[in-house]
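*Asks:* okay, sequence plus prediction incoming.
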Amino acid sequence: HLATSLPLPSERDHLRPRIDLIAFMIDIKSKYSLKNVEASLAHVDASFFLGKVCFLVTGVGRVNYCSVEMNAIWKLGEVYCSPVLFCELELEGIRVATAQRLLRMLQICAGHVPGVSALSFGSLMRSSADD
């Protein structure tokens, strides 16, 4: 399911499936994209930041056209204890690899990978980023 911003409309709450992972997309060429994500974060329950949120940054192949400071993106990941993934959607190989990575994250967050929890996976992602 896709949403352009949060909070989600409440009139269909009873029909909404369980939410296992929230991937916030930030277009590096749009300051509005970052502002929208920052505003939406206030509507996310704190328990989701225990391994069930990630930031997906698109447009990274066009560094010359950046409107968003990379430090601001890294800070989001740090403040919300959530992984930051970078991709270029226009390159099929990177797009496929990113989709596979997100799918694996979703399987873990949904509890479909025995022995790995969203919390331990999030911790592993952060420690590998520090290396």
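*Replies:* It's in. Residues are numbered from 1 along each chain as shown.
*Asks:* tell me the pLDDT at the closest residue to residue 59 other than its chain neighbours?
*Replies:* Excluding its sequence neighbours, the residue lying closest to residue 59 (CB to CB, 6 or more residues apart in numbering) is residue 28, at 4.2 Å. C-beta here means a position set from N, CA and C on the backbone, and glycine is covered the same way. pLDDT, residue 28: 91.
*Asks:* so who does residue 28 touch?
*Replies:* By CB atoms under 8 Å, 6 or more residues apart in numbering, the residues touching residue 28 are 57-60, 62-63, 65-68, 73.
*Asks:* where do the strands of the protein begin and end?
*Replies:* Assigned by DSSP state E, the strands in the chain fall at 22-27, 53-58, 84-87.
*Asks:* between the ones you listed, which one is nearest to residue 117?
*Replies:* Nearest of the strands of the chain to residue 117, taken as CB to CB: strand 53-58 at 14.5 Å.
*Asks:* picking that back up, the residue nearest to residue 59 and residue 107, how far apart?
*Replies:* Using CB to CB, to the nearest Å, we find residue 28 at a distance of 27 Å from residue 107.
*Asks:* quick one: the helices in the chain, in order.
*Replies:* According to DSSP state H, the chain carries its helices in the segments 31-41, 70-79, 92-109, 118-130.
*Asks:* any chance of the strands of the chain in a markdown table, plus distance to residue 116?
*Replies:* Formatted as a markdown table, the strands of the chain follow (distance: least, CB to CB, whole Å):
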| stretch | distance to residue 116 |
| --- | --- |
| strand 22-27 | 18 |
| strand 53-58 | 15 |
| strand 84-87 | 18 |
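*Asks:* what's the most buried one of those?
*Replies:* Looking across those with neighbours counted as mean count of other CB atoms under 10 Å, the highest average goes to strand 53-58: a mean of 22.
*Asks:* show me the contact partners of that one.
*Replies:* 21-28, 37, 44, 73, 76-77, 80, 82-89, 98, 102, 105.
*Asks:* returning to that earlier point: top of the contacts of residue 28 by neighbour count?
*Replies:* Counting neighbours by other CB atoms under 10 Å, residue 57 leads the contacts of residue 28 with 23 neighbours.
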